[in-house]
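>>> Here is my input, please return the structure:
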Amino acid sequence: MSACFDFPDLSAAEVETMLRARAAPPPEPGIIPRPEYPYPLRHLLAGTVRYRCPHDCGWWHDELPDMEQPGPLVFPADPTPADITQAITTAANARHDAYRARVECVLTEHFDAAHEGRPTPNEGER
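Have a look, this model is predicted:
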C-alpha cells in the first residue's frame, strides 16, 4: 500500500462493475453544444451555464443549474451506507436527466423555429 494514498478495498463485484463501465461504448452524442460560463466568479450570475446555437445565429440559452431544488431522498427505515449512496445517486441522476431534457427541449424548439430545414447539429459531427 502506498504511503500517499489510502485505496479502499473493493469487492470482486465492484471491480467487475468498474471494468464493465470502462468497456462500455460511449453514450450517443446529443444536440447539446459545449457550454460556456459567461460570468466571472464573483459576479451575481456566476455559475450560469450558456449554450450557444451551433449554427452561429447569435441565439443562446442560459441555465442556472444550482437554482434547482433537490428532490427528497428515499431510503429504507434502517439504511445501510449502500442504501444512502444509492438514494443520493438516484436523486442526482434524476436531476441530471431533467436538466438535460430541459436544455434539449429549448434547443430543439429554437432549431425548429429559427433553422427549419437545416439538420440539427450533433455533438459527434462538430
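
>>> could you say which helix or strand contains residue 50?
According to DSSP states H and E, residue 50 maps onto strand 49-52.

>>> scratch that, residue 112 is what I was asking about
Element membership for residue 112 (DSSP H and E) is helix 81-114.

>>> The strand holding residue 50: which residues count as buried?
Using 16 or more other C-beta atoms under 10 Å as the test for burial, strand 49-52 gives 49, 51, 52. (Glycine included, C-beta is placed from N, CA and C.)

>>> Distance to residue 110 for the residues you listed - can I get that in TSV?
Shown next, in TSV, are the buried residues of strand 49-52 (distance: C-beta to C-beta, whole Å):
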residue	distance to residue 110
49	16
51	10
52	11
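
>>> Could you point out which of those is nearest to residue 115?
residue 52 (13.2 Å; C-beta to C-beta).

>>> For burial, what's the neighbour tally of residue 111?
Other residues within reach of residue 111, judged by other C-beta atoms under 10 Å, total 19.

>>> Excluding chain neighbours, give the residue nearest to it in space.
residue 120 (5.2 Å; C-beta to C-beta, 6 or more residues apart in numbering).

>>> I'd say that neighbour and residue 104 touch.
No - using C-beta atoms under 8 Å, residue 120 is not in contact with residue 104; the gap is 10.0 Å.

>>> list residues touching both of these two?
Residues within reach of residue 120 and of residue 104 at once, by C-beta atoms under 8 Å, 6 or more residues apart in numbering, are residue 31.

>>> how close does the residue nearest in space to the middle of the chain sit to residue 9?
The centroid of the chain falls nearest to residue 96 when counting by C-alpha atoms, centre = their mean (4.9 Å). Going from residue 96 to residue 9 by C-beta to C-beta, to the nearest Å gives 29 Å.

>>> Now for residue 54, how many residues are close by?
Other residues lying near residue 54 total 19 when counted by other C-beta under 10 Å.

>>> Tell me which helix or strand it sits in.
Of the helices and strands defined by DSSP H and E, none includes residue 54.

>>> and it, how far is that from residue 62?
For residue 54, the distance to residue 62 (C-beta to C-beta) stands at 16 Å.

>>> Many thanks, have a good one.
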